[in-house]
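Enquirer: for reference, the sequence and a predicted model appear below.
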Amino acid sequence: MSEAIKQPAGPEGIIQMQGVNKWYGQFHVLKDINLNVRQGERIVLCGPSGSGKSTTIRCLNRLEEHQQGRIVVDGVELTNDLKQIEAIRREVGMVFQHFNLFPHLTILENCTLAPMWVRKMPKRKAEEIAMHYLERVRIPEQAHKFPGQLSGGQQQRVAIARALCMKPKIMLFDEPTSALDPEMVKEVLDTMVGLAEDGMTMLCVTHEMGFARTVANRVIFMDKGEIVEQAAPDDFFDRPQSDRTKLFLSQILH
Amino acid sequence: MNAHVFKPDMPPPVKTVGVVAWMRANLFSSWVNTLLTFFAIYLVWLAVPPLLQWAFIDANWTGTTRADCTKEGACWVFVQQRFGQFMYGYYPSDLRWRVDLTVWLGVIGAAPLFIRRFPRKVAYGIGYLLVYPTVAYFLLHGGSFGLSQVPTSQWGGLMLTLVIATVGIAAALPLGILLALGRRSRMPVIKSVSVTFIEFWRGIPLITVLFMSSVMLPLFMPEGMSFDKLLRAMIFVILFESAYIAEVVRGGLQAIPKGQYEAASAMGLGYWRSMGLVILPQALKLVIPGIVNTFIALFKDTSLVIIIGLFDLLNSVRQATADPAWLGMATEGYVFAALVYWIFCFGMSRYSMHLERKLDTGHKR
């Protein structure tokens, strides 16, 4: 019977969403979302604001609750069971638009908090790992500063390092560059490209079409809570199928 | 292509800095302000010299009886003679060392918590909070370990004020935090219990609560069962103040951006860890002024125990002024009481400001 609970998380489907629907009160925000993500796949979700793309990825770690359908992440089905939810959250890292670093903790403490309290890692080990990832995002020298002393781009790179410290299998990015000054977008995108090259499974809500074209395996276009079109980036940008996609692309790619 | 040359930083113009510039900007910026400045100086001149005259220059500092107060000013001899009563109430004179020892143990025990680099501070703090009250209880109350018993009816003076205030503060804070979390809980039962509790205690005056504790409560008790008056007062002070603390803390919880809650849960922290490690440290820091404000009010409100016949600092002073041997000393007595209250409240206020500065990591997010 254990087979029935723990689905195989094989190459076809580290994330499975089947017929997912969600409402905010009367408002139908997600309409019958079906999505399969293979391990190592890099997906970019785009679409106009209010199209449900953020809500979709927030359902994957239960920051939002879906009311209908099935979501299986890393072989664990998302239900109301808190234990299951926490198990999934341990394996899924998330990066937010507004960084959401903890302002009362230093950069290093931000990075060691979850490994120490969730993974029960000894402090020294957690700090070692934290420094490793801070070096990777190229800001080890800021480790003992507080988030408020860093620029937006640096804060977002810390947020990425913080998520990586949990050694997640999946990374979710919710508009990671939308709140940044134009001069800082590149440093964050570069970090994400590096992550993609290492084979991380990534779902990324972004308006950075250059990033989508070069990094993504698949681009998903959403509007009004539905997946309108999904395709490999070349097909998506050069040969969009639906009118809605064409209109969207014509408006953002001047 | 031309290389852009940036301009160097310059100092501000001289006219805007210095004492004269400050006075011109703040005291004499217009004819109205100049007038107000002179008026204020006049008021200070009216009030301060007579006060100094009374309290210091013409004051009587030495002597043992009322007859020694021959000069016109304040008779501080009265305060000197009754100092013991003001500090300890009716606590037996030969046992007052136990009170002093309790205070010293408290101060010395707490000292490591204020040393920046003291290791295992949290564990030590929790241990201190468990051990010290027990030790303090046995020292003050006695009745075991060869210490003779001093019933709480003999406790009094500043000591009693401090006992009620510290117990009230130490117990009301955690209870208030739990109530604040409860009020924001998604579980309907916990939420409604918290709301009811908070609104009940906030809706009645403390004086009523204390009155009920001494008059009504005994009516509901089985006959012959007595319940210590001081303990009753403390329990009600705790319940009463925790409702206020809860609302202050709730304000702090609401000020924390939703993203902080989301980031904490997204990394797999459960409810208590999210609250304890991420949300509360920030929320409590935000509401330090409000919490200390409540504590200062609590400290002063302890004087209300006068109505249930406990002899705290204020009641001790009041009683001493009623002594026929020292008639007419009410002013000196109450000025002294006010000064003691002020020292403690001002101390709390300064400490809270220090704490705010120390915990400030500079930025909102």
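Expert: Good, I have the coordinates.

Enquirer: and residue A:196, how far is that from chain B?
Expert: Distance from residue A:196 to chain B, counting by Cβ to the nearest Cβ, to the nearest Å: 20 Å. Glycine gets a C-beta too; all of them are placed from N, C-alpha and C.

Enquirer: average pLDDT for the biggest helix by length in chain A?
Expert: Secondary structure assigned by DSSP state H gives helix A:182-197 as the longest helix of chain A. Mean pLDDT, helix A:182-197: 91.

Enquirer: try stretch B:139-153
Expert: On average, stretch B:139-153 scores 81.

Enquirer: next, the buried residues of it.
Expert: B:139, B:140, B:141, B:142, B:150, B:152 (16 or more other Cβ atoms under 10 Å in any protein chain shown).

Enquirer: give me the number of neighbouring residues for the spatially closest residue to residue B:74 that is not a sequence neighbour.
Expert: Distance criterion Cβ to Cβ, 6 or more residues apart in numbering or on different chains; nearest residue to residue B:74, sequence neighbours excluded, is residue B:59 at 4.4 Å. When neighbours are counted by other Cβ atoms under 10 Å in any protein chain shown, residue B:59 registers 18.

Enquirer: and the one 3 residues further on, by the same measure?
Expert: Other residues near residue B:62 come to 9 when the count uses other Cβ under 10 Å.

Enquirer: run through the bridge partners of the most centrally placed residue in chain A.
Expert: In chain A, the centroid-proximal residue (Cα atoms, centre = their mean) is residue A:172; its distance is 0.9 Å. Going by DSSP bridges, residue A:172 is paired in beta bridges with residue A:94, residue A:203.

Enquirer: sorry, back to before: from chain A, how far off is the residue nearest to residue B:74?
Expert: Separation of residue B:59 from chain A (Cβ to the nearest Cβ): 50 Å.

Enquirer: can you tell me which residues contact that residue?
Expert: Residues counted as contacts of residue B:59 (Cβ atoms under 8 Å, 6 or more residues apart in numbering or on different chains) are B:71, B:73, B:74, B:75, B:76.

Enquirer: and the pLDDT at the residue nearest to the second one when sequence neighbours are not counted?
Expert: Meaning residue B:73. Spatial nearest neighbour of residue B:73, chain neighbours left out: residue B:58 (2.9 Å); criterion: Cβ to Cβ, 6+ apart. On the pLDDT scale, residue B:58 is placed at 83.

Enquirer: so residue B:58 sits against residue B:69, correct?
Expert: No - when contacts are counted by Cβ atoms under 8 Å, residue B:58 is not listed as touching residue B:69 (10.6 Å).

Enquirer: residue in the stretch 51-200 of chain A nearest to chain B?
Expert: Here the stretch 51-200 of chain A gets closest to chain B at one residue, residue A:148, 2.2 Å apart by Cβ to the nearest Cβ.

Enquirer: so that residue touches residue A:103, yeah?
Expert: Yes - shown here, residue A:148 and residue A:103 form a contact pair, counting by Cβ under 8 Å, at 5.7 Å.

Enquirer: quick one: which of those two has more around it?
Expert: Counted by other Cβ under 10 Å, residue A:148 and residue A:103 do not tie: residue A:103 has more neighbours, with 21 against 15.

Enquirer: you'd agree the more buried one is in a strand?
Expert: No - according to DSSP: H, G, I helix; E, B strand; the rest coil, the state of residue A:103 is coil, so it is not within a strand.

Enquirer: mind checking how far it is from residue B:360?
Expert: Shown here: residue A:103 relative to residue B:360, a distance of 10 Å by Cβ to Cβ, to the nearest Å.

Enquirer: try residue A:199
Expert: Distance from residue A:199 to residue B:360, counting by Cβ to Cβ: 42 Å.

Enquirer: circling back to that earlier point, chain center to the longest helix of chain A: distance?
Expert: In this view, helix A:182-197 has its centroid 14 Å away from the chain centroid, taken as Cα atoms, centre = their mean, to the nearest Å.

Enquirer: on contacts alone, who are the packing partners of it?
Expert: Applying 3 or more Cβ pairs under 8 Å, 6 or more residues apart in numbering or on different chains; DSSP states H and E, we find helix A:182-197 packed against helix A:152-164, strand A:201-205, helix A:209-215.

Enquirer: mind doing that once more with 6 Å?
Expert: On a contact count with 3 or more Cβ pairs under 6 Å, 6 or more residues apart in numbering or on different chains; DSSP states H and E, helix A:182-197 meets helix A:152-164, helix A:209-215.

Enquirer: mind giving me a markdown table with those helices and columns for mean neighbour count?
Expert: Converted to a markdown table, these look like this (neighbours: other Cβ atoms under 10 Å in any protein chain shown):
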| stretch | mean neighbour count |
| --- | --- |
| helix A:152-164 | 25 |
| helix A:209-215 | 17 |
